[in-house]
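In: Next one to model:
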Amino acid sequence: MKSLICKSIAVVTICAALFSFSPMPGGEGFEISLNNKVMIQKFGNEVNSVQNIQLTQASPNDQLIIKYHHCGKVGKNRILAIKDGQNKTLKEFHYADAATPVAAMSLNVKDILGFKKGNAILKLFYSSSELPNGRILASF
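Out: Numbering: from 1, shown residues only. Got it, this is the predicted structure:
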């Protein structure tokens with residue numbers, strides 16, 4: 001009887017361990033760097049919260065690098081857009097289809113600062129074939 005209980009517990013433990021792993025690799029998320037210094041890195045449920053990036057110390061020639069992760073898929077028809085506080089698109093930047101699941105998209109700081117007037121809020125918006133409704137990545 002003791003042997004049967006021990007075997008049952010062992011089977012339940014093994015099954016619980018096997019089912020605790022996700023069969024799908026990867027995860028959705030993004031990373032924004034300014035001159036190779038990571039400013040924002042969000043994955044999973046964090047991607048829905050918008051963080052503000054201060055560009056007051058940035059030079060117009062500085063580069064923002066954006067990497068978007070689509071759960072291990074290659075991004076297609078990738079677009080970064082600068083939008084105003086009313087979600088009106090001010091400018092779009094189109095990027096070639098990625099060759100790898102995470103391909104960098106670069107954006108000059110001057111392309112953002114050119115639209116910044118006073119305390120107006122600007123938003124960095126990303127969309128692709130994998131994310132057709134898009135997502136706000138950050139505000140400035």
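In: now the strands for this protein?
Out: 28-34, 37-43, 51-52, 63-70, 78-83, 89-95, 104-108, 123-127, 135-139 (DSSP state E).
In: Pipe the ones you listed into a markdown table and attach distance to residue 116 and mean pLDDT per row.
Out: Using the backbone N, CA and C atoms, a C-beta is placed for each residue, glycine as well. Listed next are those as a markdown table, based on distance: least, C-beta to C-beta, whole Å; pLDDT from 0 to 100:
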| stretch | distance to residue 116 | mean pLDDT |
| --- | --- | --- |
| strand 28-34 | 15 | 92 |
| strand 37-43 | 17 | 91 |
| strand 51-52 | 13 | 88 |
| strand 63-70 | 14 | 91 |
| strand 78-83 | 9 | 95 |
| strand 89-95 | 10 | 95 |
| strand 104-108 | 13 | 92 |
| strand 123-127 | 12 | 95 |
| strand 135-139 | 11 | 93 |
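In: Quick one: closest of those strands to residue 117.
Out: strand 89-95 (10.8 Å; C-beta to C-beta).
In: Centroid-nearest residue for the chain?
Out: Centroid-nearest residue in the chain, with C-alpha atoms, centre = their mean: residue 30, separated by 2.1 Å.
In: residues in contact with residue 43?
Out: Contact analysis of residue 43 by C-beta atoms under 8 Å, 6 or more residues apart in numbering lists 27-29, 69.
In: one more time with 7 Å
Out: Shown in contact with residue 43 (C-beta atoms under 7 Å, 6 or more residues apart in numbering): 27, 29.
In: Who does it form a beta bridge with?
Out: Taking DSSP bridges as the rule, residue 43 bridges to residue 29.
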